[in-house]
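J.: Output the structure for:
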Amino acid sequence: MTKRITAFLLCAVIIASVFSACSSSDPEPEQITQQDATTAQVIPPEDNIPPDDTTFKLSYTQTDSLNPYKSNTLNNQIIGQLVFDGLFKLDGDFNASPNIAESYRYPNSKTLEVTIKSGQTFSDGSLLTADDITYSFKQASASSYWGNSLNGISSCSAASNMVVVFKLKYPNAYAHNLLSFPIVSTGKNEDGFPIGSGRYYFAKESGETVLKANTQNGFSPYLTTIHLENITAYESIDNAVNIGNISFAFRDLGRDSSRNITSAKRLVNMNNLVYLGVNNKKGITANAYIRKAISLALDRETLVRSPYNSFAREATTVFHPQFELSTTRIFDGSADINGAKQAIAQSGVSKLSLSLLVNGENADRVNCAKTIKQQLEAVGFSVNLVIADSFEKYEERIKNESFDLYLGEAKITDDMSLNMFFSSNGATNYGIDSDKCKSAEQYEKYINGEADLGAFLLAFSEEMPYIPLLYREGMICYSKAMKGDMQGTYNDCFANIENWYFKS
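T.: Predicted coordinates:
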C-alpha cells in the first residue's frame, strides 16, 4: 500500500498543474440531504404570495452585542449574516465570488488589490467607500471571532475611494477567500444599532428588536420583517425550532442535543478538521513509518458513521474534500490493515505502546478516541487512552507535548492555510519540529511558488506529521411549514432567503 501511494503521488507531482474540482458523495443520515446551492433544483413559489411581516422568527441573545465584532454567541453571529455583507461571499465548496467587491487582482504574490462596486450603499443610504473597508478590517482583526482568520494579512489601506489594498504576510493565492468579514458603517442608525449593507437591517418596532428588509438595492423578499426571540440556552434553541417557536436555526453539531432536532433540516459543509496530533519529536511516533502505520490503520468511514453519526466527511487529503485543491486522494476511507502492518515492520519498532490524549468534556471526541484505540489495537498497537477531565488539563498536556497522539479539532481558515500546523508559532504546531519537517519545507515552497502542490502532498504522505481524520458538518434547521428550497451554506445560512415563504 505504501509503495502504491508513493507511486501515485509521484505521478501527481507531474500532473499537479492540471488539478480540477473533485466530487464526492454526500452522506444522508436520517434522510438529511446536502445540496450545492448552485445546482439545486429551484422550486417555483405559489402564486400571489403576500408579504409576511409576522411569521418568521429567529433566536438571538439579548444580553450579547449585535455588533458583529463584539458578539460572542452563535445566535448573534448568525443573525449578522443577514445584516452585514463582506467583500466576497463563499459557497458551499469554499469558492469565493465578489459581493461588495467588483473585482480583485494580485499585483504581486504578497499584495491583493480589491475594487468595490460603484454606488454601493449602507442600509441608511450612506455611500460605502474604501474607508469603511479599512475601518471594518481593523475591527475584524481585533475581534475574537474574526481575528484568527485574518492573521495572514498585515495591513489594509485605501488606495482611493473605491480601491482597497491588502498587504499579505506571505504569498497566498486564496487570500481573497478571507475577505468575507462583515463591512460595518462607522455610524449607527436612528435606533442605535450598527449599520450594514446586507439584506436586512436592525430596527425597533413596538419596543421589539426586529430585522426589516433592506429593499433599496433591489432585494424583494416575501419575509419583510424578521422577529427576534431571546432564546439563549443551547437545548432551548433545539426545542424551539422543533415546536415552531422559532422558524430557523443553524446548529454546528458540536453537541449531541442537536441530533434530536425533528424539524426540516439539511447538512452544510464546515471547515472544522478533526485530526490526530502526533509527537514527531520523541517516542515511537518520532518514526515516520509508525506515523504512516497509524494513518493506514484508521477506518475514517467508520469514524464518520460512528461516533459522528454521519454528520461529517472523511478527510481524503490535507484540504477539505470539497475544495478545488483536493483532487489527489492520499487517504483511503477504509483501513488498510496489511499496509499498516507492513509499515510497522519497516519501522523496526518492536514495542508498540502508545498514549492517546482526548478532552473528556467532549463526548463525541471521547467516543471517537475509543474507536481509534480499537482500530490501532487491531494492527498490533497497545493504546493507553488518557481522558483529561477538563479542557484546561487537556490543553496543558498538549502545550507541554506530553502525548504520543492527541485527538483535536481545528477550524481551518477559508484560504485553506496550513500554517497553523507548520509554522513554529502555529496554534496546532505541537509535536511538529518545523525546522526538520520536510512537509513544512515543501509547504512553504508551494505557497512561495517554488514547488507544485504534488511535491508537498508527496512529502506529507511520506512523513505524516499529523493525521487528518474527518471534517465535521453543520446543520440548518427550519419549520416544516416554510417553503422556498433552502440553499443555505455555513458562510451564508440564508443564501436564498428572498425565496422563502410560509404555506398559505
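
J.: in the chain, what spans have low per-residue confidence?
T.: 1-47, 255-259, 504 (pLDDT under 70).

J.: quick one, helices of it?
T.: 2-15, 74-83, 130-142, 234-243, 288-297, 300-305, 337-347, 363-377, 391-399, 419-422, 438-447, 453-463 (DSSP state H).

J.: closest one to residue 209 among those?
T.: helix 74-83 (10.0 Å; CB to CB). (C-beta placed from N, C-alpha, C; glycine too.)

J.: Show me what that closest one is packed against.
T.: Counting contacts by 3 or more CB pairs under 8 Å, 6 or more residues apart in numbering; DSSP states H and E, helix 74-83 is packed against strand 57-60, strand 200-205, strand 208-213.

J.: Identify the residues contacting the shortest one?
T.: Contacts made with strand 57-60 from outside it, assessed by CB atoms under 8 Å, 6 or more residues apart in numbering, are listed as 66, 75-76, 78-79, 209, 211, 226-232, 237, 240, 245-249.

J.: and if you look at stretch 297-304?
T.: With CB under 8 Å, 6+ apart, stretch 297-304 has contacts from 27, 274, 276, 310, 312-316, 331-337, 340, 368, 371-372, 375-376, 378-379, 381, 467, 469-470.

J.: if we can go back for a sec, to residue 434, which of the helices and strands packed on helix 74-83 lies closest?
T.: Using CB to CB, the helices and strands packed on helix 74-83 put strand 57-60 closest to residue 434, at 42.3 Å.

J.: So what's the gap between the closest one and the chain middle?
T.: The chain centre lies 23 Å from the centre of strand 57-60; the measure is CA atoms, centre = their mean, to the nearest Å.

J.: What distance separates the opening and closing residues of stretch 181-195?
T.: 14 Å (CA to CA, to the nearest Å).

J.: Identify each buried residue in that stretch, please.
T.: Across stretch 181-195, burial judged by 16 or more other CB atoms under 10 Å covers 181, 182, 183, 184, 185, 189, 193, 194, 195.

J.: and if you look at stretch 68-78?
T.: The neighbour-count check on stretch 68-78 (16+ other CB under 10 Å) flags 68, 69, 71, 74, 75, 76, 77, 78 as buried.

J.: Just the buried subset of the contacts of stretch 297-304, please.
T.: Burial by neighbour count, 16+ other CB under 10 Å: within the contacts of stretch 297-304 this picks out 27, 274, 276, 310, 312-316, 331-333, 335-337, 340, 368, 371-372, 375-376, 379, 381, 467, 469-470.

J.: Identify the residues contacting the residue lying closest to residue 160 once chain neighbours are set aside.
T.: Closest residue to residue 160 apart from its sequence neighbours, by CB to CB, 6 or more residues apart in numbering: residue 130 at 6.5 Å. Residue 130 makes contact with 116, 158, 159, 160, 161, 162, 163, 164 under the criterion CB under 8 Å, 6+ apart.

J.: so the third one makes contact with residue 112?
T.: If I follow you right, that is residue 159. No. Residue 159 is not in contact with residue 112 according to CB atoms under 8 Å; the separation is 11.7 Å.

J.: re the thing from before, format the buried residues of stretch 181-195 as a markdown table; extra columns: distance to residue 92.
T.: Output for those, formatted as a markdown table (distance: CB to CB, whole Å):
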| residue | distance to residue 92 |
| --- | --- |
| 181 | 19 |
| 182 | 20 |
| 183 | 22 |
| 184 | 25 |
| 185 | 29 |
| 189 | 32 |
| 193 | 30 |
| 194 | 27 |
| 195 | 28 |
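
J.: Which members of the residues you listed define the maximum pairwise distance?
T.: Pairwise over the buried residues of stretch 181-195, using CB to CB, the maximum falls at 181 and 189, 20.3 Å.

J.: Tell me the gap between stretch 453-468 and the middle of its chain.
T.: Using CA atoms, centre = their mean, the mean C-alpha position of stretch 453-468 is found 21 Å from that of the whole chain.

J.: Please read the previous query as pertaining to stretch 220-236.
T.: In terms of CA atoms, centre = their mean, the gap separating the centre of stretch 220-236 from the centre of its chain is 23 Å.

J.: measure it end to end?
T.: 32 Å.

J.: Identify the residue spatially nearest to the most centrally placed residue in the chain, adjacent ones excluded.
T.: Centroid-nearest residue in the chain: residue 271, 2.6 Å away (criterion: CA atoms, centre = their mean). Computed as CB to CB, 6+ apart, the closest residue to residue 271 that is not its neighbour in sequence is residue 412, at 4.5 Å.

J.: And residue 214, by the same measure?
T.: residue 123 (4.5 Å).

J.: Please produce a ChimeraX select command covering the buried subset of the contacts of strand 57-60.
T.: Under the burial definition 16+ other CB under 10 Å, those of the contacts of strand 57-60 that qualify are selected in ChimeraX by:
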select :66,75,76,78,79,209,211,226,227,228,229,231,237,240,246,247,248,249
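
J.: one step back: including distance to residue 452, could the buried residues of stretch 68-78 go into JSON lines?
T.: Formatted as JSON lines, the buried residues of stretch 68-78 follow (distance: CB to CB, whole Å):
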{"residue": "68", "distance to residue 452": "38"}
{"residue": "69", "distance to residue 452": "38"}
{"residue": "71", "distance to residue 452": "41"}
{"residue": "74", "distance to residue 452": "39"}
{"residue": "75", "distance to residue 452": "44"}
{"residue": "76", "distance to residue 452": "43"}
{"residue": "77", "distance to residue 452": "37"}
{"residue": "78", "distance to residue 452": "39"}
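
J.: could you dump stretch 312-332 to PDB, C-alpha only?
T.: Presented in PDB, the C-alpha positions along stretch 312-332 are these (Å, rounded to 0.1, in the frame of the first residue of the first chain):
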ATOM      1  CA  ALA A 312     -19.100  14.600   8.800                       C
ATOM      2  CA  ARG A 313     -17.000  13.800   5.800                       C
ATOM      3  CA  GLU A 314     -13.900  11.700   5.800                       C
ATOM      4  CA  ALA A 315     -10.600  13.500   5.100                       C
ATOM      5  CA  THR A 316      -9.200  12.100   1.900                       C
ATOM      6  CA  THR A 317      -6.400  14.600   1.600                       C
ATOM      7  CA  VAL A 318      -5.000  17.600   3.600                       C
ATOM      8  CA  PHE A 319      -7.700  20.000   2.400                       C
ATOM      9  CA  HIS A 320     -11.500  19.800   2.700                       C
ATOM     10  CA  PRO A 321     -12.700  17.200   0.200                       C
ATOM     11  CA  GLN A 322     -15.000  19.800  -1.500                       C
ATOM     12  CA  PHE A 323     -12.200  22.400  -2.000                       C
ATOM     13  CA  GLU A 324     -10.700  22.600  -5.500                       C
ATOM     14  CA  LEU A 325      -7.200  21.500  -4.400                       C
ATOM     15  CA  SER A 326      -8.500  18.200  -3.100                       C
ATOM     16  CA  THR A 327      -8.400  16.200  -6.400                       C
ATOM     17  CA  THR A 328      -5.500  14.000  -5.300                       C
ATOM     18  CA  ARG A 329      -6.600  11.400  -2.700                       C
ATOM     19  CA  ILE A 330      -3.900  10.400  -0.300                       C
ATOM     20  CA  PHE A 331      -6.000   8.700   2.400                       C
ATOM     21  CA  ASP A 332      -8.400   5.900   1.900                       C
END
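
J.: Just give me how far it sits from the chain centre.
T.: The answer for stretch 312-332 is 14 Å, by CA atoms, centre = their mean.
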